[in-house]
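Asker: could you look at this predicted model? Sequence included:
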There are 4 protein chains.
Amino acid sequence: MPIASTSRRAVRQPSTADKRELILRAATKLFARRGFFHAQVADVAKEAGVAAGTVYLYFENKDDLLISIFEQRMQEAMAEANASLKGVADPVERLHRLARVHLGHLGRDRDMAVVFQVELRQSTKFMERFSSTLLQDYLNAIRDAITGAQHEGTFRPEASAMLAAKMFYGALDEMATNWILSRRRYRLVAQADDVVDLFVQGLRKR
Amino acid sequence: MPIASTSRRAVRQPSTADKRELILRAATKLFARRGFFHAQVADVAKEAGVAAGTVYLYFENKDDLLISIFEQRMQEAMAEANASLKGVADPVERLHRLARVHLGHLGRDRDMAVVFQVELRQSTKFMERFSSTLLQDYLNAIRDAITGAQHEGTFRPEASAMLAAKMFYGALDEMATNWILSRRRYRLVAQADDVVDLFVQGLRKR
Amino acid sequence: MPIASTSRRAVRQPSTADKRELILRAATKLFARRGFFHAQVADVAKEAGVAAGTVYLYFENKDDLLISIFEQRMQEAMAEANASLKGVADPVERLHRLARVHLGHLGRDRDMAVVFQVELRQSTKFMERFSSTLLQDYLNAIRDAITGAQHEGTFRPEASAMLAAKMFYGALDEMATNWILSRRRYRLVAQADDVVDLFVQGLRKR
Amino acid sequence: MPIASTSRRAVRQPSTADKRELILRAATKLFARRGFFHAQVADVAKEAGVAAGTVYLYFENKDDLLISIFEQRMQEAMAEANASLKGVADPVERLHRLARVHLGHLGRDRDMAVVFQVELRQSTKFMERFSSTLLQDYLNAIRDAITGAQHEGTFRPEASAMLAAKMFYGALDEMATNWILSRRRYRLVAQADDVVDLFVQGLRKR
DNA sequence: TATGAATGAGCCTTCATTCAT
DNA sequence: AATGAATGAAGGCTCATTCAT
């Protein structure tokens, strides 16, 4: 037993939370590489180093595995976004921060990105669940920044803030999808500022 | 064989092409409503009014059904796009035309839109196939319009045309996805011009 | 091909009804010998000479297999009973006929008897289904014979006809169960008359 | 902790025997309500307020649980029967006593009755075990009473005592099964005397 | 061409049992 | 003695695909 150990966790005895996370990572990897339907629960278990039945001690069923990946990672991304926005008042800067967190988060873990950009969209069931809750919050955050900029006179007041927010999200989403489908290996987050700039400036010469 | 009949089509005997189309429509409907994996080939056959085995006279396998929906409809959309662009020189107008064809095509058949926006994205296998061919052509068409506008001095030359093209596509794609997931029933194509305008003008006040 | 074949059935091409019966017989055999829960559907299929999936073309699920054995055989027994009772007015003789059909039917097919006496009673679900319908009809038939004999003055009027009917059924049922559990091989139906006689005469000396 | 406790039992610390009984009661309840195969050992443990593993400290396996219920309760019933018969010489009265103990015992605990009348009969394995030992003793006791009555001249000598014994048992068994399957709530033991009377008198008018 | 009954590989999930603590 | 997390064998059922007619 280590001297001055600060917690029992230090002895590397995998706790319940550890094992859940372990299975979630294994599922992310296999879902990303084989696709949700072609990945077998037994293989997820093997990848996680546990028995097949163990998966069912931590998750309801195979669907729950996919949903849990989404919820777990989304929650982490939300926390990251909130931290990044804290104390930032300038609407344009807030858009930059949101774009950086969005692409930064996905760009950090390719398997997870594949699950988010591909596997989670395989059925309207998952998509509706996603789009009606967390995505709505995200779109609202974008829209609020845009409205804010309109109120302070930076953005054109006649543009529909919600339409613009969806376009903004769609553009980032497309960047992410392009990244996972591309053979080239580039830093996804590097595109964040350019995307925001183009959205703000528009294409037309002034 | 009828003697003076000009074609067998005249007697409304469903021809080979008719039956293929029939099955494709049935598949589109069921894939859209139940999801590709949950839709059964036997049900597609029943919906089309043929026997299960008949599906395999027209299509290799279940995957081929999905791919064929994509290719068939995409081909039609491409023809529509080319017709719409014919003789139009103004780059900004070309962007408008592309957006209208894109959203117009999807907005005309909800089941087909679901297949395009949801079911076709359920595996990187389909997505890679899609993005490396037809999508590439489409992105190039957008990019060319943008480059054209840059050359004629309408658009800012420093903006990356390819990045802008992807953003443009991503924005339209998001409009389509929002439309199929929304309970509200609105005309998707009506958003085409606003999307293009915002892309061209940008958000910032001049 | 037989010369004077009266029907297509004569060519021994197993028809749908044949296959259903085939599976039912295989299920009866395996359920009787291994028990319903320990018998596997795959083995039933193998015994019937069909693929596992084929069982599900004819039956909903494993439970349905058990229920169908019951309903099929019960229906046959009912027909036999009705034929045997036709034109017989004497109540005591009717009791004899019922007992002979009851024990005769079970005694003719040991596997089926095991399913009826053992496997069908493994859950209140099956038992309630059984006892609330067909068994009720059977008990009523016994009771009616008893009531008839009471009205004509042969049987004591103070005895409860329904209680007596249940006892009568219980006694026959016990004979059947004893028979299938016994190592000795005797003719079950041979006990029918003795059981009825003892019921009618009682044990007490007159 | 009480000061003058005379024994650990006094503080209601469940002893080994207590816990075994606790688990047996829990098993009886769950087997009766869900059926032996659908009841899970883990649920039996939960119902008994112990951990799943604990069940295996007291019983070999799940089958042993069912067998133990049978043996435990049967033993109690046998003791009850012996006490009830003690000092009773009249054969007819002995039959009355046996019937009353039989139906009285089952009628006192519905869950246990379900286990005896339904769950224990789910396989020839259990049934053979049962019928070749305890049931044999019981049948012999009935038969002996009948033979006794025949010797003293009360019962007809030409009736087969063993056949009559089985019929007697079968009739009581049917009463019990009817009781557990009936929605009506009546006292099972109340039927004991009527059953015996009818057996002794017979149906025919004298 | 068309049929649709038959196939059988494949997979999710359950749950009795074990065993390190 | 007691725990309860972990195991992994087992099996019911589905469904894409085939093929004799």
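Answerer: Now that the structure is in, tell me what you want to look at. Residues are numbered from 1 along each chain as shown, chains lettered A, B, ... in the order given.

Asker: please see if the helix or strand bottoming out on mean pLDDT in chain A touches chain B.
Answerer: Each helix and strand of chain A was given a mean pLDDT (mean pLDDT, DSSP states H and E); the minimum falls on helix A:124-131 at a mean of 79. Yes - using C-beta under 8 Å from any C-beta of the partner chain, helix A:124-131 reaches chain B at A:Thr124, A:Lys125, A:Met127, A:Glu128, A:Ser131. The C-beta positions use only the backbone N, C-alpha and C, and glycine is treated the same way.

Asker: of the residues you listed, which is the nearest to C:Arg100?
Answerer: In terms of C-beta to C-beta, no member of the residues of helix A:124-131 next to chain B lies closer to C:Arg100 than A:Lys125, at 60.3 Å.

Asker: and the closest residue to that closest one other than its chain neighbours, how far from A:Gly35?
Answerer: Counting by C-beta to C-beta, 6 or more residues apart in numbering or on different chains, B:Gly35 is the residue found nearest to A:Lys125 once chain neighbours are left out, at 7.5 Å. Distance of B:Gly35 to A:Gly35, given as C-beta to C-beta, to the nearest Å: 13 Å.

Asker: do A:Val41 as well
Answerer: A:Val41 sits 14 Å away from A:Gly35, going by C-beta to C-beta.

Asker: swap in A:Ala176?
Answerer: From A:Ala176 to A:Gly35 the distance is 18 Å (C-beta to C-beta).

Asker: cool, A:Met162 as well?
Answerer: Counting by C-beta to C-beta, the gap from A:Met162 to A:Gly35 is 33 Å.

Asker: neighbour-wise, which of the two wins?
Answerer: Applying other C-beta atoms under 10 Å in any protein chain shown to A:Met162 and A:Gly35 shows that A:Gly35 carries more neighbours, namely 19 against 14.

Asker: surely the more buried one meets A:Arg121?
Answerer: No - under the criterion of C-beta atoms under 8 Å, A:Gly35 makes no contact with A:Arg121, lying 11.8 Å away.

Asker: what residues do these two have in common as contacts?
Answerer: Jointly contacting A:Gly35 and A:Arg121 under the rule C-beta atoms under 8 Å, 6 or more residues apart in numbering or on different chains are B:Gln122.

Asker: related to what we said a few turns ago, show the subsequent helix or strand relative to the least confident helix or strand of chain A.
Answerer: For helix A:124-131, the following helix or strand on the C-terminal side (DSSP states H and E) is helix A:134-151.

Asker: the longest helix along chain A and DNA strand E in contact?
Answerer: As assigned by DSSP state H, the longest helix anywhere in chain A is helix A:62-85. Yes - judged by C-beta under 7 Å from any atom of the strand, helix A:62-85 comes into contact with DNA strand E through A:Lys62, A:Asp63.

Asker: so how far is that helix off the chain centroid?
Answerer: Taking C-alpha atoms, centre = their mean, to the nearest Å, the mean C-alpha location of helix A:62-85 is offset from the chain mean by 6 Å.

Asker: tell me what it is packed against?
Answerer: Here helix A:62-85 is seen to pack against helix A:16-34, helix A:41-48, helix A:91-108, helix A:110-117, helix A:124-131, helix A:134-151 when contacts are counted using 3 or more C-beta pairs under 8 Å, 6 or more residues apart in numbering or on different chains; DSSP states H and E.

Asker: for those helices, which one sits closest to DNA strand E?
Answerer: Evaluated over those, closeness to DNA strand E peaks at helix A:41-48, with 3.8 Å, by C-beta to the nearest atom of the strand.

Asker: what comes into contact with that closest one?
Answerer: For helix A:41-48, contacts defined as C-beta under 8 Å, 6+ apart pick out A:19, A:22-23, A:25-27, A:29-30, A:34, A:51-52, A:54-55, A:62, A:65.

Asker: please pick the buried ones from those residues.
Answerer: Among the contacts of helix A:41-48, those classed as buried by 16 or more other C-beta atoms under 10 Å in any protein chain shown are A:Lys19, A:Leu22, A:Ile23, A:Arg25, A:Ala26, A:Ala27, A:Lys29, A:Leu30, A:Arg34, A:Val55, A:Lys62, A:Leu65.

Asker: mind listing what the fifth one touches?
Answerer: Taking C-beta under 8 Å, 6+ apart, we find A:Ala26 in contact with A:Val44, A:Ala45, A:Glu47, A:Ala48.

Asker: and the two most separated of those residues?
Answerer: The most widely separated members of the contacts of A:Ala26, counting by C-beta to C-beta, are A:Ala45 and A:Glu47 (7.2 Å).

Asker: how about the residues of chain A by DNA strand F?
Answerer: A:Pro14, A:Thr16, A:Lys19, A:Val50, A:Ala51, A:Ala52, A:Gly53, A:Thr54, A:Tyr56, A:Leu57.

Asker: can stretch A:106-124 be said to contact DNA strand E?
Answerer: No - for stretch A:106-124, no contact with DNA strand E is found by C-beta under 7 Å from any atom of the strand; the gap never falls below 13.3 Å.

Asker: list the buried residues of that stretch.
Answerer: Neighbour-count burial for stretch A:106-124 flags A:106-107, A:109-124 (criterion: 16+ other C-beta under 10 Å).

Asker: neighbouring contacts of it?
Answerer: The contact list for stretch A:106-124, computed with C-beta under 8 Å, 6+ apart, reads A:28-29, A:31-33, A:35-37, A:66, A:69-70, A:73, A:126-127, A:130, A:173, A:176-177, A:179-180, A:187-189, B:35-38, B:114, B:118-119, B:121-124, B:127, B:180-181.

Asker: nearest to chain D: which residue in chain A?
Answerer: Minimum separation of chain A from chain D (C-beta to the nearest C-beta) falls at A:Leu57, amounting to 12.0 Å.

Asker: what count of nearby residues applies to that residue?
Answerer: 12.

Asker: what helix or strand is it on?
Answerer: If you go by DSSP H and E, A:Leu57 is part of helix A:52-58.

Asker: what's the mean pLDDT across that helix?
Answerer: Helix A:52-58 carries an average pLDDT of 97.

Asker: which helices and strands does it pack with?
Answerer: Packing partners of helix A:52-58 (3+ C-beta pairs under 8 Å, 6+ apart): helix A:16-34, helix A:41-48.

Asker: so the longest one, near DNA strand E or not?
Answerer: I take that to be helix A:16-34. No - Helix A:16-34 lies out of reach of DNA strand E by C-beta under 7 Å from any atom of the strand, never closer than 9.4 Å.

Asker: could you dump stretch A:25-35 to CSV, C-alpha only?
Answerer: Coordinates of each C-alpha in stretch A:25-35 appear next as CSV, following Å, rounded to 0.1, in the frame of the first residue of the first chain:
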residue,chain,number,x,y,z
ARG,A,25,-14.5,3.7,-24.3
ALA,A,26,-14.5,0.2,-25.8
ALA,A,27,-18.0,0.8,-27.2
THR,A,28,-16.9,4.1,-28.7
LYS,A,29,-14.0,2.5,-30.4
LEU,A,30,-16.0,-0.4,-31.8
PHE,A,31,-19.0,1.5,-32.8
ALA,A,32,-16.8,4.0,-34.6
ARG,A,33,-14.8,1.3,-36.5
ARG,A,34,-17.5,-1.2,-37.3
GLY,A,35,-20.6,0.8,-37.0
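
Asker: first-to-last residue distance for stretch A:32-51?
Answerer: 21 Å (C-alpha to C-alpha, to the nearest Å).

Asker: ok, stretch A:147-164 next?
Answerer: First residue to last in stretch A:147-164 (C-alpha to C-alpha) measures 10 Å.

Asker: shaky segments in chain A?
Answerer: A:1-15 (pLDDT under 70).

Asker: how about 90 then?
Answerer: Along chain A, the model assigns pLDDT under 90 to residues A:1-18, A:121-136, A:183, A:202-206.

Asker: got the domain boundaries for it?
Answerer: Structural domains assigned to chain A are A:1-59, A:66-201, following automatic domain parsing.

Asker: distance to D:Phe168 for the ones you listed - can I get that in JSON lines?
Answerer: Below are the domains of chain A laid out as JSON lines (distance: least, C-beta to C-beta, whole Å):
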{"stretch": "domain A:1-59", "distance to D:Phe168": "50"}
{"stretch": "domain A:66-201", "distance to D:Phe168": "62"}
